[in-house]
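[1] sequence below, structure please.
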Amino acid sequence: MLDFMKTVENRANIMIQTDLDKFFSSNKVEIEKLFEQYNGWKNRLFGQQKEAISDLSVKIQNLTGTAWWVYQGWDLGISFNDGTPYRIGIESSFQEVNNNPIGKFHIYITTWNMKCWVPYESAILEKYPGYFLDKGERVFYHMPVIERIQYNSDEQYFEEILQRLDDYYHFMKDLTSNYAGLS
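    Numbering: from 1, shown residues only. Alright, predicted model coming up:
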C-alpha cells in the first residue's frame, strides 16, 4: 500500500512539474523580462537605502564624535571592545515597506558570537526589557522598529533614528567601558 501511495505521489509530482516546465517554456521571454524589471526595482530601492545609510552615517558620526562603519552600503554599525572576548556592537538597516525603500528602520544590539553576549546580557535586558532576543551563532537583540509612517516628514523620521542610535550608543559605550582593556 505504501509503495502504491508513493507511486501515485511521484506521478502527481511529475505531472505538476511537467505542467510547470511547459509554463516556463511557453512564457520564458515574459518571465525573463519580469526578472529584469524586478531586479531593476530592487536595485533602485537598494540605491535609495544606501544613500540614506550614507547620510545617517555622516550625521551619527558628527553626533557621537565616533567613527561608525557601513557594511556593503546597507548596514550602519559600530562595535565596542574590538579584538577582545567582549566585542559587542550596534547594527542598523532599512527595510522596504509598500514601495518605500526606507519604510522601516531596524536597530540591533549584536555580538558576533554567543560568548561575547554573556557579560552584557543582564544589563542590556534590564535597561531594555521585553524585546526579541535572537540567540544563534550570533546574538541579535531587536530594538523597537522605527516606522516612517509614524512621522510627518522624512526629517522627523531621521531625527528619531538618530536620537535612538545616539541613545543606544551612549548606553553601550558606558556599559562596555567596564570591559575595555581586558582580554
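[2] list the buried residues of stretch 41-51.
    In terms of neighbour count (16 or more other CB atoms under 10 Å), stretch 41-51 has its buried residues at 45-46, 49-50. Where C-beta positions appear, they are placed from N, C-alpha and C, glycine not excepted.
[3] which ones among these lie within helices?
    45-46, 49-50 (DSSP state H).
[4] Pro119 belongs to a strand, doesn't it?
    No - applying DSSP: H, G, I helix; E, B strand; the rest coil, one finds Pro119 to be coil, outside a strand.
[5] find me the pLDDT at it, would you?
    In the prediction, the pLDDT value recorded for Pro119 is 94.
[6] go on, Asp19?
    pLDDT for Asp19: 72.
[7] give me the neighbour count for it.
    Residues contacting Asp19 under the criterion other CB atoms under 10 Å number 10.
[8] any idea how far it lies from Ser25?
    Going from Asp19 to Ser25 by CB to CB, to the nearest Å gives 11 Å.
[9] spit out the contact partners of Phe132.
    Applying CB atoms under 8 Å, 6 or more residues apart in numbering, we find Phe132 in contact with 141-142.
[10] ok, Asn81 next?
    Listed by CB under 8 Å, 6+ apart, the contact set of Asn81 reads 87-88, 176, 179-180.
[11] out of those, who has the most neighbours?
    The residue in those with the most neighbours, by other CB under 10 Å, is Ile88 (24 neighbours).
[12] beta partners for the residue nearest to that one when sequence neighbours are not counted?
    In space, and not counting its chain neighbours, Ile88 is closest to Thr111: 5.0 Å by CB to CB, 6 or more residues apart in numbering. Note on Thr111: beta-bridge partners Val139, judged by DSSP bridges.
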